[in-house]
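# let me see the structure of the following:
(2 chains)
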Protein chains: 2
Amino acid sequence: MPIVNRVLETSLYVEDLDRAARFYETVFGFKRMTADERLCALSVADRQVLLLFKRGASTRPAVLPGGTLPPHDGSGTLHLAFAVDAAELPAWEHALRKHGIAIESRINWPRGGQSLYFRDLDAHLVELVTPGCWPIY
Amino acid sequence: MPIVNRVLETSLYVEDLDRAARFYETVFGFKRMTADERLCALSVADRQVLLLFKRGASTRPAVLPGGTLPPHDGSGTLHLAFAVDAAELPAWEHALRKHGIAIESRINWPRGGQSLYFRDLDAHLVELVTPGCWPIY
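Predicted structure coming up:
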């Protein structure tokens, strides 16, 4: 059986693409790799890709030189979590405060990890989580 | 500025939780870490977590011993991509065929990578992608 090496791309569907891209660039330091009116691709730690799609703009197949991108779309207050170091959690709290982002909730996990929850500009539920949450993390 | 180490959790919102979990376990070999009526957490390569949520079942805050999980929800045909080795692409095509999963599209990227696109049982757009797609991959 072949194996998956990792989740490479995670998608969010947003109202205002440029506004969302600036949020993730500014708050998290992700690097913009490509952007047009439909999509903005951000590099996460040079190993993963956070895809921001303009809501409703990918509902038709997109023909590219190398093949066709099938349609997709999404809505809602999707949840995603970013792994951060426990030692950096105070710096994250400071950074969120600086950006005017309210912490909606905190959880202390039985394994010792901690999570901070807050919203992006489209009300997606973003989590910063330190090691000690899952059996694998 | 503190740094994000990686995307740890990626979420999908599904109609039938057990059916979706079996799909991702069977087709991709992900390991079930926890499951209840609301959520199933799958380990991806022992480093990331694919969260499957029953659609509409997380719209109220959930009180846990260590804090409160804020509400979230999602719908649509969300897109996500898994990184795979180029050498394993034929094995993936074979595995998908064996599971009766139709390949909806293929893309050859200018950087040399290849993508296969298909649907999960909730019509999410799943991609398997080999290195040579993004500047960072």
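# relative to the longest strand anywhere in chain A, what are the paired strands and their orientations?
When chain A is scanned for its longest strand (criterion: DSSP state E), the result is strand A:6-14. According to DSSP bridges, strand A:6-14 has the following sheet partners: strand A:48-54 (parallel), strand B:79-83 (antiparallel).
# nearest to B:P2, out of those strands?
Closest of the strands paired with strand A:6-14 to B:P2 is strand A:48-54, at 16.8 Å (criterion: Cβ to Cβ). C-beta here means a position set from N, CA and C on the backbone, and glycine is covered the same way.
# is the closest residue to A:L121 other than its chain neighbours in a helix, a strand, or coil?
What sits nearest to A:L121 in space, not counting adjacent residues and going by Cβ to Cβ, 6 or more residues apart in numbering or on different chains, is A:F23, at 5.3 Å. Under the three-state scheme (DSSP: H, G, I helix; E, B strand; the rest coil), A:F23 adopts helix.
# would you map the helices across chain A?
Listed in chain order, the helices of chain A (DSSP state H) span A:17-28, A:89-98.
# do you know which of these lies nearest B:W109?
Nearest to B:W109, of the helices of chain A and by Cβ to Cβ, is helix A:17-28 at 21.7 Å.
# buried ones in that closest one?
Within helix A:17-28, the residues scored as buried using 16 or more other Cβ atoms under 10 Å in any protein chain shown are A:L17, A:A20, A:A21, A:F23, A:Y24, A:V27, A:F28.
# quick one, domains of chain A?
Chain A is divided into the following domains under automatic domain parsing: A:1-59, A:76-137.
# how about those in a markdown table, adding mean pLDDT?
Formatted as a markdown table, the domains of chain A follow (pLDDT from 0 to 100):
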| stretch | mean pLDDT |
| --- | --- |
| domain A:1-59 | 97 |
| domain A:76-137 | 98 |
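# nearest to B:R119, out of those domains?
Closest approach to B:R119 among those is made by domain A:1-59 (14.6 Å; Cβ to Cβ).
# just to revisit the earlier point, select, out of the helices of chain A, the one closest to B:L125.
Per Cβ to Cβ, nearest to B:L125 of the helices of chain A: helix A:17-28, 18.6 Å.
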